[in-house]
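A.B. asks: Fold the following.
(chains A and B)
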Amino acid sequence: MKRIIVGVAALVALNVHAADELKIGFLSTLSGPAGGIGIEIRDGFNLATKLAGGKLGGMKTEVIFADDTLNPDTGRQLAERLLKRDRVNLMTGIVFSNVMLAVWPTIQEAKTFYIAPNATPTSITGKGCSPYFFSASWPNEAHHEAAGAFAQQKGFKNAYLIAPNYPAGKDALTGFKRTYKGTIVNEYYSKLNQLDYSAELAQIRAAKPDALYAFLPGGMGINFIKQFVAAGLSNEIQLIVPGFASDQDVVRAVGEPMLGLFDTSQWAYDLDNDANRKFVEEFQKEYKRIPTLYAEQGYTAALIIDQAVKDAKGKVEDPKAFRAALMKAPERAKTPRGPWKEAANGTPIQDYYVRALVKDREGRIVNKKIATILQNHKDHWLGECSMK
Amino acid sequence: MSAILFFEQGLNGVQFGLMLFLLAAGLTLVFGIMDMINLAHGSLYMIGAYFMASFVQATGSFWIGLPLALIATAIVGAILEITLLRRLYGRDHLTQVLATFAIILIANELVRIAWGSQPIMLNPPAELTGPVALPGGLRYASYRLVIIATGTLVALLLYLLVTKTRVGMLVRAGASNREMAAAMGVNIRRLFTAVFALGAALCALAGAMLGPILAVQVGMGENILILAFVVIVIGGIGSIRGAFVGSLLVGIVDTSGRAFLPLLFSTFLPPQLASAAGPAVASILIYLLMAVVLYFKPQGLFPARG
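C.D. replies: Residues are numbered from 1 along each chain as shown, chains lettered A, B, ... in the order given. From the prediction side, this is the model:
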């Protein structure tokens, strides 16, 4: 319904397009089983826009929302519409790498800047890098590299790895193995959208690994964690997961069994800086829930846009000036993550943290930061990008 | 491989099969007796799980929430049948598929509006959260044993209902020849509403029992519905016995594929290839099984209609 209203509003606004107005195309997965992720990113983005008084970079901002429903073809059509009919100045919002890869050629052809609040696939940051791509989140393999580094640092002698059998699953385990030097007991690729993991859990129990790294996004992760705990394995094996697989959205669905898990993330709700305290407080006031890292990414993407537009004095249409402002924005904007440097391929050079799932003083289950595991970590594929 | 692991995997297979049976039983009843392809069966499963989660939260008890969720979902099912599905019986299967697919989309959005878009919490009752020790030193999730018991009990009750009671006789009569049954004075309308409500209650039972080990989220029904369809096609559409045997077959084949194929492959393939090929082949095993069964028995193992 909201989409229709926004769509109608967009039609009306079409004819009054003024130079001092900023139009942002927000293409995301807002419905279906994975719709919750897009909604988190959207809520974070909206919050930052609202706190900026509806004006990002001092320009009256209109955000046009479109729902790709996790279908790459739909995503491409909607991107065409946003770029050609609505003539947006900037694009953002995409959750999933497969949608990102399908939509990317369209955005690049239109010479429009894309600010990534999530998906940052290696093929766009490596050889295929582009001046129009800017990630305000993290390169696809970074959480897994951080998890591998954590398992290494903890001194786990061996690890069992499990991921779904699809490209992102293989990337995840590749990332983990890049930083983990212990023995890999087994690298198991389960069926995508698998429901029952009892056979795998029996094998894991028999293999007796020190650590278990599970990259099982969305519902698969919820299934797995519930069954892992029900089988009593949580007392025997340390489970490690990437941060997005154990954030507040999953905590709300699983509850107590989550306690004692470790995960890795570019952000934590208790990062000690003013910008983060403001974000967490305002988000809870607005939406009555603790933000996830997805919400932080949406919020940060909006702050980066705000800073870059301000610094470029509104010249979004001037690629050179705007890119220069964009690349400096993470050092200048007050993001909840603190300042970071952006690498030439448009990926953050930033810290990654280990978080533990614990109860806070009010008895809520939260992801508490316990250590910084990677400092100023660069995208592995930066070297393949020819841009300087 | 130790004997215990072998036994555990066997138990896992039976358990997964009975999980599927809970859903397949309702599907085969509706499909077989009413000759109606109901894709929205998965939506009733989802609604059952959401009702369960809400009732458990409201009452604080798993065992009070369970009957409430069953009743509520049965009512939703009956309303759905009376207002909508009834109009589809005379139509061809394609129309039914289209209409019930629409119901899936509508149900997903309604659930999103009512409960939000993120997965919600449903955990096993406190006394069943951990594993129990079985003879031989095997530690097995206690909740999974409850699923095995529930599945077996439901199979038994349905079998008695269909074969030994008057209602079951009417159901069988309606299934084998609808017009003749109507001509003999059976109130087919009311019978169908009752059967559909029963199917919905079975969906709710499946959703409520599986919710604690699976994610309760929008769209949870579509994923498992495919497996339920495989089960009833293998078992023979409309047959409870077929659904039972079919779901055990699917559960055991799928689980042992995932458990034993990687080991089998590692005897003659390099380890890297074996660990990749094992799960990949295992994931198509049940479809192979279906193809083989259909080749030899195109009507499934236990066809309800002669």
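A.B. asks: now the stretch 51-200 of chain A, which segments are flagged as low pLDDT?
C.D. replies: Along the stretch 51-200 of chain A, no part satisfies pLDDT under 70.
A.B. asks: And for the stretch 101-250 of chain B?
C.D. replies: In the stretch 101-250 of chain B, no residues with pLDDT under 70.
A.B. asks: how about the helices in the stretch 101-250 of chain A?
C.D. replies: A:122-125, A:142-153, A:167-179, A:198-207, A:219-230, A:248-254 (DSSP state H, counting those that start in this stretch).
A.B. asks: May I ask you to confirm that residue B:42 belongs to a helix?
C.D. replies: Yes. Using DSSP: H, G, I helix; E, B strand; the rest coil, the assignment for residue B:42 is a helix.
A.B. asks: Spatially nearest residue to it (excluding sequence neighbours)?
C.D. replies: Nearest non-adjacent residue to residue B:42, counting by CB to CB, 6 or more residues apart in numbering or on different chains: residue B:221, 2.6 Å away. C-betas here are computed from N, CA, C, even on glycine.
A.B. asks: Now do residue B:136: how many residues are near it, please.
C.D. replies: 10 (other CB atoms under 10 Å in any protein chain shown).
A.B. asks: so is it in a helix, a strand, or just coil?
C.D. replies: coil.
A.B. asks: any idea how far residue B:38 is from the residue nearest to residue B:42?
C.D. replies: 11 Å (CB to CB, to the nearest Å).
A.B. asks: and if you look at residue B:223?
C.D. replies: 17 Å.
A.B. asks: And these two? Which one has more around it.
C.D. replies: residue B:38 (27 against 17).
A.B. asks: Checking my notes, the more buried one in a strand, right?
C.D. replies: No. Residue B:38 is assigned coil when assessed by three-state DSSP, not a strand.
A.B. asks: pretty sure it contacts residue B:31?
C.D. replies: Yes. At 6.9 Å, residue B:38 counts as touching residue B:31 under the criterion of CB atoms under 8 Å.
A.B. asks: and the residue nearest to residue A:335 when sequence neighbours are not counted, what element?
C.D. replies: Leaving out its chain neighbours, the residue that sits closest to residue A:335 by CB to CB, 6+ apart is residue A:300, at 4.6 Å. Using DSSP states H and E, residue A:300 sits in helix A:293-311.
A.B. asks: Now do that helix against helix A:142-153, angle only.
C.D. replies: 120 degrees (axes from the mean of the first three to the mean of the last three CA atoms, to 10 degrees).
A.B. asks: which strands and helices sit next to the helix or strand following helix A:293-311?
C.D. replies: Counting by DSSP H and E, the next helix or strand C-terminal to helix A:293-311 is helix A:319-332. Packing partners of helix A:319-332 (3 or more CB pairs under 8 Å, 6 or more residues apart in numbering or on different chains; DSSP states H and E): strand A:113-116, helix A:293-311, strand A:341-342.
A.B. asks: which other residues reach helix A:319-332?
C.D. replies: The contact list for helix A:319-332, computed with CB atoms under 8 Å, 6 or more residues apart in numbering or on different chains, reads A:111, A:113, A:115, A:131-132, A:134, A:136, A:304, A:307-313, A:315-316, A:339-342, A:348.
A.B. asks: what separates that helix from the chain centre, distance-wise?
C.D. replies: Centroid separation for helix A:319-332 versus its chain: 21 Å, with CA atoms, centre = their mean, to the nearest Å.
A.B. asks: buried set for that helix?
C.D. replies: By 16 or more other CB atoms under 10 Å in any protein chain shown, the buried positions in helix A:319-332 come out as A:321, A:322, A:323, A:325, A:326, A:327, A:328, A:329, A:330.
A.B. asks: Do I have it right that the residue nearest to residue A:335 meets residue A:336?
C.D. replies: Yes. The pair residue A:300 and residue A:336 passes the contact test of CB under 8 Å, sitting 6.5 Å apart.
A.B. asks: Mind putting the helices and strands packed on helix A:319-332 into a markdown table with mean neighbour count?
C.D. replies: Output for the helices and strands packed on helix A:319-332, formatted as a markdown table (neighbours: other CB atoms under 10 Å in any protein chain shown):
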| stretch | mean neighbour count |
| --- | --- |
| strand A:113-116 | 24 |
| helix A:293-311 | 28 |
| strand A:341-342 | 16 |
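A.B. asks: would you list those in a markdown table and tack on distance to residue A:377?
C.D. replies: Shown next, in a markdown table, are the helices and strands packed on helix A:319-332 (distance: least, CB to CB, whole Å):
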| stretch | distance to residue A:377 |
| --- | --- |
| strand A:113-116 | 17 |
| helix A:293-311 | 16 |
| strand A:341-342 | 11 |
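A.B. asks: for those, which one sits closest to residue B:175?
C.D. replies: Closest of these to residue B:175 is helix A:293-311, at 49.1 Å (criterion: CB to CB).
A.B. asks: pLDDT (mean, whole number) over the closest one?
C.D. replies: In this model, helix A:293-311 carries a mean pLDDT of 96.
A.B. asks: so which of the helices of the stretch 101-250 of chain A gets nearest residue B:125?
C.D. replies: Per CB to CB, nearest to residue B:125 of these: helix A:219-230, 11.9 Å.
A.B. asks: what's the most distant pair in the buried residues of helix A:319-332?
C.D. replies: A:321 and A:330 (17.2 Å).
A.B. asks: A helix includes residue B:238, no?
C.D. replies: No. With three-state DSSP as the criterion, residue B:238 is located in coil rather than a helix.
A.B. asks: count of neighbours near residue B:99?
C.D. replies: Neighbours of residue B:99 (other CB under 10 Å): 18.
A.B. asks: what's the closest non-adjacent residue to it?
C.D. replies: Nearest to residue B:99 is residue B:88, by CB to CB, 6+ apart, at 5.6 Å.
A.B. asks: Roughly how far does the residue most central in space within chain A sit from chain B?
C.D. replies: The centre of chain A sits closest to residue A:118, judged by CA atoms, centre = their mean, with a distance of 3.3 Å. Distance from residue A:118 to chain B, counting by CB to the nearest CB, to the nearest Å: 16 Å.
A.B. asks: ok, that residue - contacts?
C.D. replies: By CB under 8 Å, 6+ apart, the neighbours of residue A:118 are A:37, A:41, A:94, A:95, A:96, A:137, A:294, A:297.
A.B. asks: packing partners for the strand or helix carrying residue B:46?
C.D. replies: Following DSSP H and E, one finds residue B:46 within helix B:41-59. For helix B:41-59, the packing partners by 3+ CB pairs under 8 Å, 6+ apart come out as helix B:3-34, helix B:62-83, helix B:93-115, helix B:188-210, helix B:220-235.
A.B. asks: What are the buried residues along stretch A:140-160?
C.D. replies: In stretch A:140-160, counting by 16+ other CB under 10 Å, buried: A:140-152, A:156, A:158-160.
A.B. asks: whoops, I mixed them up, stretch B:172-192
C.D. replies: For stretch B:172-192, by 16+ other CB under 10 Å, it's B:172, B:173, B:174, B:175, B:178, B:181, B:186, B:188, B:191, B:192.
A.B. asks: Equivalent analysis for stretch B:297-306, please.
C.D. replies: B:299, B:300, B:301, B:302, B:303, B:304.
A.B. asks: contacting residues around the residue of the stretch 1-150 of chain A at minimum distance from chain B?
C.D. replies: Using CB to the nearest CB, the closest approach of the stretch 1-150 of chain A to chain B is made by residue A:33 at 3.5 Å. Contact partners of residue A:33, counting by CB under 8 Å, 6+ apart, are A:218, A:219, B:217, B:218, B:219, B:220.
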